[in-house]
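>>> Provide a 3D model corresponding to the input given below.
(chains A, B, C and D)
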2 protein chains.
Amino acid sequence: MKVTRETDYAIRAVLLLSEDRGKTLPVSALSEKMDLPRSFLAKILQKLSRAGIVESIRGASGGYRLKRNPSRISLYDLYKAVQGEFVVNECAVEGRVCSRKERCAVHPVWKKIEREAVREMKKHSIASLSGEKSSQRS
Amino acid sequence: MKVTRETDYAIRAVLLLSEDRGKTLPVSALSEKMDLPRSFLAKILQKLSRAGIVESIRGASGGYRLKRNPSRISLYDLYKAVQGEFVVNECAVEGRVCSRKERCAVHPVWKKIEREAVREMKKHSIASLSGEKSSQRS
DNA sequence: AGGAAACAGGATAAAATTTGTCCGATATGA
DNA sequence: TCATATCGGACAAATTTTATCCTGTTTCCT
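Numbering: from 1, shown residues only, chains lettered A, B, ... in the order given. Down below sits the predicted model:
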């Protein structure tokens, strides 16, 4: 549940990509700007690619570019693409049964915290975070 | 930030201790009721003891008992006693500087999620979770 | 006084997760 | 064809989580 470096980097990378909207940047360019290992960032961008947030262009003069409008990419989208479901307590994961049979009175609290956090993350788009006026083109 | 087994066990242990209010239970009794390793639970209870939530009685017929009224023990108290500060993103920890010099637009979002989660955890006491009418005795 | 029951706390260790690294395969533009 | 990129899997280091064990100390009971 804690935001890992991967997710942190993912957000920063997407913020960078949203600056040069439409531009395609190779991983090397991004990793230099962000001053972090290219190979690690490459893995992260692959996850974002599978999630349909960025688009990869292979071959020479290839790289990554945004696939969606920055106004339609939320922090939650990025969190989920990189870390998966947002979970506060393993014991409260849907479909998994609490080890104790008796009803756990604490479950609802974890669930509420989850809902609130997810709602907050969904409220903020890359566009709003970069202070960009969200254009309406998809 | 994610709730670990330690914290989960701590909550359950304190709920058990609040059932027999005032009673002193040895770790072995608690670990049997909870069906988990005594040595692991012992470490957790030591943390709770240092935090002033439970009280240890040494020697034969010793054990642990609540030190505070269940209505004055919140989930947050337990979380903090076991896991320390509640942190959503390491980069947003107070006093630690974000690796990037530029102001990070995402910080405030993590901070807000932290505040909301802590507030939610503070709202729920052991007394309210066990459905007990919170007595007024300290 | 002596033995048994119980906590205190440090050292150790297994397992899982996080944080990377590396390399061969594949795609593509010039 | 060559240089530049991504793709994806295997590998590895560091950290955190989840414990276990052992020695020491305290206290009750006989």
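
>>> So which residues on chain A come close to DNA strand D?
A:26-28, A:42-43, A:45-46, A:49-50, A:56-64 (Cβ under 7 Å from any atom of the strand). All C-beta atoms are positioned from the backbone trio N, CA, C, and that covers glycine.

>>> Which among those count as buried?
Neighbour counting by 16 or more other Cβ atoms under 10 Å in any protein chain shown classes A:Pro26, A:Val27, A:Leu45, A:Ser56, A:Gly63, A:Tyr64 among the residues of chain A next to DNA strand D as buried.

>>> does the residue nearest to the second one when sequence neighbours are not counted sit in a helix or strand, and which one?
In space, and not counting its chain neighbours, A:Val27 is closest to A:Ala42: 4.8 Å by Cβ to Cβ, 6 or more residues apart in numbering or on different chains. Here A:Ala42 sits within helix A:38-50, counting by DSSP states H and E.

>>> Show me the buried ones among the residues of chain A next to DNA strand D that map onto strands.
A:Ser56, A:Gly63, A:Tyr64 (DSSP state E).

>>> In JSON lines: those, plus pLDDT and distance to DNA strand C.
As requested, those are exported to JSON lines (pLDDT from 0 to 100; distance: Cβ to the nearest atom of the strand, whole Å):
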{"residue": "A:Ser56", "pLDDT": "98", "distance to DNA strand C": "10"}
{"residue": "A:Gly63", "pLDDT": "97", "distance to DNA strand C": "11"}
{"residue": "A:Tyr64", "pLDDT": "98", "distance to DNA strand C": "14"}
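
>>> now the residue in chain A positioned nearest to DNA strand D, which residues is it bridged with?
Relative to DNA strand D, the nearest point of chain A is A:Ser56 (3.1 Å; Cβ to the nearest atom of the strand). On the basis of DSSP bridges, A:Ser56 is bridged to A:Tyr64.

>>> picking that back up, which one of the ones in strands among the buried ones among the residues of chain A next to DNA strand D sits closest to B:Lys123?
When these are compared for distance to B:Lys123 (Cβ to Cβ), A:Tyr64 wins out at 43.1 Å.

>>> quick one: what helix or strand has the residue minimising distance to the centre of chain A in it?
By Cα atoms, centre = their mean, chain A has its centre lying nearest to A:Leu78, at 1.1 Å. Per DSSP H and E, A:Leu78 falls inside helix A:75-83.

>>> orientation of that helix relative to helix A:38-50 in degrees?
Between helix A:75-83 and helix A:38-50, the angle comes out at 120 degrees (axes from the mean of the first three to the mean of the last three Cα atoms, to 10 degrees).

>>> Now do helix A:75-83: everything it contacts.
A:3-4, A:6-7, A:10-11, A:14, A:44, A:47-48, A:50-51, A:53, A:86, A:118, A:121-122, A:124-125, A:129, B:106, B:109 (Cβ atoms under 8 Å, 6 or more residues apart in numbering or on different chains).

>>> Off-centre distance for it?
3 Å (Cα atoms, centre = their mean, to the nearest Å).
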